[in-house]
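Enquirer: This is the structure alone, sequence omitted:
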């Protein structure tokens, strides 16, 4: 066979290979879309008052992280120590979200019903009103940003109750791994919500189980493309159905689905892709092991992005270390746990805050 024939054969093989990949990826995408469009419609039972913007505007505190990137930090609740001298609740949102994710908790905790607690939330870099920065996103960077927020927003002599959802939970574990000496002195308790310590792209359940055998090897390709491609998300009725399938439980309220879809769509494509790519290299197990304070792990049974197996693995590590407070599992709830199950989640936070207060009173 001459050289030209070899080139032709190679070219044909490349075309065939690309065609096979295209068919496989297309089949996976079609399977996800089919499952999303066949799922039940969200329950339209009216608005959810907990999702409204808080009545009181926050105090905005620009915080400069270690590399100079400015983060948008918002502080709710009274600044008067006489009103609230307890631990500060610091809440860290997840991938493609922003500070509005925590509205159901802010509206409760900063109210008289929730004890008018001091609540600190911030936009992860590249999300909301925070700068994206010049460096390539890394998981270590998340922990460094949290450290800057804690130093700036938690008054001297007070500790924080850290609550992190999805990438926010990874942020807390990243911080603990880099600053283990600060865990006990700066933090009194931790809540890890719908998150993972490693293998987040390998263990999702977005892909239907009934795919043809030839398409299954292409599922990781689709997962990587889904998380790391910087393309705008089109606003269509079908797009809302996809958001529902991916991020919320099958019986989610329409108000919740619309709120989440709007929030995800507002995330800049470059930030979404950069942080999605960073999570592909996730391993914050040293930080998980460094959590020496009472830690609660929360997950929904219908979470497709960080399924229950992640929560159980994290809980087992914490149990062995003696720092597991509780493993909380919400039936029928998807990835957006503290929105979908806001009332139950807020009750859990109230109990946790009360426990921390009693423990500190005994020590004092």
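Expert: That came through fine. Everything numeric in this text was worked out from a predicted model, so none of it was measured.
Enquirer: can you pull out the helices in the stretch 251-364 of the chain?
Expert: Along the stretch 251-364 of the chain, counting by DSSP state H, counting those that start in this stretch, helices occupy 254-266, 269-279, 285-289, 308-321, 337-340, 342-363.
Enquirer: Now do the same for residue 301: its pLDDT.
Expert: You'll see residue 301 listed with a pLDDT of 98.
Enquirer: Looking at the helices of the stretch 251-364 of the chain, which one is packed in the most?
Expert: helix 337-340 (a mean of 27; mean count of other Cβ atoms under 10 Å). Yep, even glycine has a C-beta here, placed from its N, CA and C like the rest.
Enquirer: coming back round to it: which one of the helices of the stretch 251-364 of the chain lies closest to residue 180?
Expert: Closest to residue 180 of those, according to Cβ to Cβ: helix 285-289, at 8.1 Å.
Enquirer: need the next SSE after the helix or strand encompassing residue 104, C-terminal direction.
Expert: For residue 104, the enclosing helix or strand under DSSP states H and E is helix 103-109. On the C-terminal side of helix 103-109, the closest following helix or strand by DSSP H and E is strand 119-122.
Enquirer: Heading C-terminal from that following strand, find the next helix or strand.
Expert: Using DSSP H and E, the next helix or strand after strand 119-122 towards the C-terminus is helix 139-153.
Enquirer: Quick one: residues in contact with that next one.
Expert: 61, 63-67, 69, 71, 73, 75, 88, 90, 92, 120, 122, 124-125, 133, 135, 160, 167, 170-179, 182, 186, 278-279, 281-282, 284, 287 (Cβ atoms under 8 Å, 6 or more residues apart in numbering).
Enquirer: so for that helix, what's the average pLDDT?
Expert: The model assigns helix 139-153 a mean pLDDT of 98.
Enquirer: and the very next helix or strand once past that helix, how far out from the chain's middle?
Expert: Proceeding N to C from helix 139-153, the next assigned helix or strand is strand 160-165, under DSSP H and E. Its chain's average C-alpha position is 12 Å from that of strand 160-165, according to Cα atoms, centre = their mean, to the nearest Å.
Enquirer: Provide the strand pairings for strand 160-165, with the direction of each partner.
Expert: strand 88-92 (parallel), strand 187-193 (parallel) (DSSP bridges).
Enquirer: Please find the angle between the direction vectors of that strand and helix 139-153.
Expert: 140 degrees (axes from the mean of the first three to the mean of the last three Cα atoms, to 10 degrees).
Enquirer: What's the first helix or strand after strand 160-165?
Expert: helix 167-178.
Enquirer: counting contacts, what elements does that next one pack onto?
Expert: strand 88-92, helix 139-153, strand 160-165, strand 187-193, helix 269-279, helix 285-289 (3 or more Cβ pairs under 8 Å, 6 or more residues apart in numbering; DSSP states H and E).
Enquirer: out of these, nearest to residue 308?
Expert: So among the helices and strands packed on helix 167-178, strand 187-193 is nearest, using Cβ to Cβ, at 12.8 Å.
Enquirer: low-scoring stretches of the stretch 251-364 of the chain, by residue?
Expert: The stretch 251-364 of the chain contains residues with pLDDT under 70 at 364.
Enquirer: my read: residue 288 touches residue 319, true?
Expert: No. Applying Cβ atoms under 8 Å, one finds residue 288 not in contact with residue 319, separated by 11.6 Å.
Enquirer: All good on my end, thank you.
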